[in-house]
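J.: Sequence and computational prediction follow.
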Amino acid sequence: MSSNSIKIFAGSSHVELTKLVAKQIGIDLSKVVVLKYSNQETSVTIGESVRDEDVFIIQSGCGEINDNLMELLIMINACKTASARRITAVIPCFPYARQDKKDKSRAPISAKLVANMITVAGANHVITIDLHASQIQGFFNVPVDNLFCEPSMLKYIKTHVPEWKNGVIVSPDAGGAKRATSIADHLNLDFALIHKERKKANEVSRMVLVGDVNRKVAIVVDDMADTCGTLALAAKTLKERGATKVYAIVAHGILSGKAIDVINGSDLEKLVVTNSIPHEDKKAICSKLDTIDISPTLAEAIRRTHNGESVSFLFSHAPE
């Protein structure tokens, strides 16, 4: 691959992942200096020419989420005004993805606003992973590649869950049923669903299990683990219904608030998350956390995009 016409810039939200991606592709990261003035304004200086180049900016929606989003927009715009040929925003975890519909009157559709901002800033293409709802792709007027963690999850289950053949795939809510049934079909396993009743946001009052998990290994599959209250309650419910072990495999480990304490005190055997969001510091204080590396998937998506090849291969295969 001609590496002189591809530039990868690291946003400050997840530099480690960007380094892994660049290493997979076999190029160095391009130079960029991101500073904050004392009044908290973000300043971006692109340190090398991007004229007529294929630019990829990797920035995840995590940490100081609004600062990181603003930084992404400014980096996109800096490359646009410096005459980059094509600018691809690589956003492993899409910010505001949960605010994707009017679920009550006068609620904003913030994911649409973020999509507009990214487009107006000058992005020609977006690569993201496991969107909370795949319809978010329709908020953009530019192409969006929504890659899936599913192939990597399948690989993990087959290699790291010892008794997976005596397993049952569990979705912790109705919204994730499609994801869970797809994984269950691939592994030829049964499927169960947990119906959760919420009194208010981020707080589950009770859970009802639909399906049989007795004397089986329950593998809970979801797209994000935030405060982990749902996962802990799901694990408790599954254990009460006779599951021998409970594993949770989640695309985005946001792990905010008291999440680590909740996991440590839960019935979960392991919580497996991808490195779409940095969590090395949390792994140090939580032995139950395990990581799936998604840098090969991102690197292959970038390589294929740059070479004008099809990305659909990645929907069903996990690159080495």
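T.: Alright, I've got the coordinates.
J.: So which bits of the longest helix along the chain are buried?
T.: In the chain, assigned by DSSP state H, the helix with the most residues is helix 65-81. For helix 65-81, a neighbour-count test (16 or more other CB atoms under 10 Å) marks 68-80 as buried. To be clear about C-beta, it is placed using only N, CA and C from the backbone, and glycine gets the same treatment.
J.: tell me what that helix is packed against?
T.: Packed against helix 65-81, as judged by 3 or more CB pairs under 8 Å, 6 or more residues apart in numbering; DSSP states H and E, are the following elements: strand 32-36, strand 42-46, strand 54-58, strand 86-91, helix 110-121.
J.: Let me have these in TSV, extended by distance to Ala22.
T.: Shown next, in TSV, are those (distance: least, CB to CB, whole Å):
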stretch	distance to Ala22
strand 32-36	13
strand 42-46	16
strand 54-58	9
strand 86-91	11
helix 110-121	22
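J.: export those to TSV and tack on mean neighbour count and distance to Ile157?
T.: Shown next, in TSV, are the helices and strands packed on helix 65-81 (neighbours: other CB atoms under 10 Å; distance: least, CB to CB, whole Å):
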stretch	mean neighbour count	distance to Ile157
strand 32-36	13	38
strand 42-46	16	40
strand 54-58	25	27
strand 86-91	25	26
helix 110-121	18	29
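J.: Next, give phi and psi for the residue nearest to Ser152 when sequence neighbours are not counted.
T.: Setting aside the residues directly before and after it, Ser152 is nearest to Ala318 in space (CB to CB, 6 or more residues apart in numbering), at 4.5 Å. Phi and psi for Ala318, reported as degrees, to the nearest 10, are phi -100, psi 110.
J.: Wait, Ala318 touches Phe148, no?
T.: No - the pair Ala318 / Phe148 is not scored as a contact, 9.6 Å apart, by CB atoms under 8 Å.
J.: that older thread, would you mind measuring from the residue nearest to Ser152 to Pro151?
T.: 4 Å (CB to CB, to the nearest Å).
J.: got any residues that touch both of the two?
T.: Common neighbours of Ala318 and Pro151, counting by CB atoms under 8 Å, 6 or more residues apart in numbering, are Thr297.
J.: before we move on, back to that, go through the helices and strands packed on helix 65-81 and name the closest to Ile249.
T.: strand 86-91 (21.3 Å; CB to CB).
J.: quick one, the closest one and helix 65-81 angle?
T.: Between the axis of strand 86-91 and that of helix 65-81 there is an angle of 170 degrees, by axes from the mean of the first three to the mean of the last three CA atoms, to 10 degrees.
J.: Summarise which helices and strands strand 86-91 is packed against.
T.: Using 3+ CB pairs under 8 Å, 6+ apart, strand 86-91 sits against strand 54-58, helix 65-81, strand 125-129, helix 295-307.
J.: Now find how far off-centre that strand is within its chain.
T.: Chain-centre distance of strand 86-91: 16 Å, with CA atoms, centre = their mean, to the nearest Å.
J.: Can you give the strand pairings for that strand, parallel or anti for each?
T.: Applying DSSP bridges, strand 86-91 is found paired with strand 54-58 (parallel), strand 125-129 (parallel).
J.: Can I get the ones you listed in CSV including distance to Thr297 and mean pLDDT?
T.: Shown next, in CSV, are the strands paired with strand 86-91 (distance: least, CB to CB, whole Å; pLDDT from 0 to 100):
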stretch, distance to Thr297, mean pLDDT
strand 54-58, 13, 98
strand 125-129, 7, 97
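J.: right, and Gly265 touches Ala232 too?
T.: Yes - if you go by CB under 8 Å, Gly265 and Ala232 touch, sitting 7.4 Å apart.
J.: Of those two, which one has the most company?
T.: Ala232 (24 against 10; other CB atoms under 10 Å).
J.: what packs against the helix or strand encompassing Asp185?
T.: If you go by DSSP states H and E, Asp185 is part of helix 177-187. Applying 3+ CB pairs under 8 Å, 6+ apart, one finds that helix 177-187 makes contact with helix 150-160, strand 167-171, strand 190-200, strand 217-225.
J.: Out of the ones you listed, which is closest to Glu53?
T.: Smallest distance to Glu53 across those (CB to CB): 29.5 Å, for helix 150-160.
J.: name the helices or strands packed onto the helix or strand containing Val272?
T.: Taking DSSP H and E as the criterion, Val272 maps to strand 270-274. Under the contact definition 3+ CB pairs under 8 Å, 6+ apart, strand 270-274 sits against helix 150-160, strand 245-253, strand 289-292.
J.: Let me see the residues that make contact with that strand.
T.: 92, 129, 149, 152-153, 156, 160, 225, 228, 231, 247-253, 255, 263, 279, 286, 288-294.
J.: Go through stretch 161-172 and flag the buried ones.
T.: 161, 164, 167-172.
J.: Name the SS class of Val208, please.
T.: strand (DSSP: H, G, I helix; E, B strand; the rest coil).
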